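Peer 1: need coordinates for the following:
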Amino acid sequence: MIDEGKKAPAVSLKDQDGKKVSLNDFKGNNIVLYFYPKDNTSGCTKEACNFRDDFPDFKKLKAVILGISPDSIESHKKFAEKFKLPFNLLSDEKKQVLEKYGVWKEKSMYGRKYMGVERSTFIIDKTGKVRKIFRKVKVADHNKEVTEALKELK
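Peer 2: Purely as a prediction, here's the structure:
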């Protein structure tokens with residue numbers, strides 16, 4: 001498990017354009033690393049669009065947003081284009097980063113158990129330390145919670 005105050009585990013995945021992206025690329029910036037279950041589903045679309053709509057606020061706070069799900073690069077490309085997302089979506093089809101961050105979990109719906117992504121957000125500071133963890137995220141106003149947490153990083 002990852003704890004607040006600890007160094008963020010390395011991430012190196014391909015984005016929606018097939019380019020390799022790693023956390024080290026953003027040293028000196030705060031990073032909003034958010035994990036979501038699936039492109040083009042209602043909750044995930046709302047969450048991504050909320051981050052998109054507040055993107056100017058995140059830029060002012062010198063924060064980079066990175067979304068991660070187990071969807072393919074192609075799926076991410078279509079999702080990002082459809083909703084004009086101004087940030088990278090990283091593909092973790094092998095679920096290595098999802099497991100490293102402890103967000104690949106057993107879930108249950110209508111009594112059926114299955115493995116899936118627990119919607120979570122990690123705020124990583126300019127030095128690479130995890131400063132805030134949001135688990136079992138509720139989409140409504142989550143973007144505001146994240147903005148407030150970023151404002152507290154000085």
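Peer 1: going by C-alpha atoms from here, please, whenever you check contacts or count neighbours.
Peer 2: Noted.
Peer 1: in a helix, Asp71, correct?
Peer 2: No: Asp71 is assigned coil when assessed by DSSP: H, G, I helix; E, B strand; the rest coil, not a helix.
Peer 1: now do the same for the residue nearest the centre of the chain: helix, strand or coil?
Peer 2: The residue lying closest to the centre of the chain (Cα atoms, centre = their mean) is Tyr34, at 1.6 Å. Three-state assignment for Tyr34 (three-state DSSP): strand.
Peer 1: just Thr147 next, same as before
Peer 2: Thr147 ends up helix, using three-state DSSP.
Peer 1: from what I can see it touches Lys60, true?
Peer 2: No: counting by Cα atoms under 8 Å, Thr147 stays clear of Lys60, with 10.3 Å between them.
Peer 1: who's more crowded, those two?
Peer 2: Legend: neighbour count by other Cα atoms under 10 Å for Thr147 and Lys60, higher for Thr147 (18 against 8).
Peer 1: could you find the closest non-adjacent residue to the more buried one?
Peer 2: Nearest residue to Thr147, sequence neighbours excluded (Cα to Cα, 6 or more residues apart in numbering): Phe58, at 6.9 Å.
Peer 1: list the contacts of the one you found.
Peer 2: By Cα atoms under 8 Å, 6 or more residues apart in numbering, the residues touching Phe58 are 64-65, 147.
Peer 1: let's have those in JSON lines, adding pLDDT and distance to Ser12.
Peer 2: Putting the contacts of Phe58 into JSON lines (pLDDT from 0 to 100; distance: Cα to Cα, whole Å) gives the following:
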{"residue": "Val64", "pLDDT": "96", "distance to Ser12": "15"}
{"residue": "Ile65", "pLDDT": "97", "distance to Ser12": "15"}
{"residue": "Thr147", "pLDDT": "93", "distance to Ser12": "25"}
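Peer 1: mind putting those into JSON lines with distance to Thr127?
Peer 2: Shown next, in JSON lines, are the contacts of Phe58 (distance: Cα to Cα, whole Å):
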{"residue": "Val64", "distance to Thr127": "14"}
{"residue": "Ile65", "distance to Thr127": "16"}
{"residue": "Thr147", "distance to Thr127": "18"}
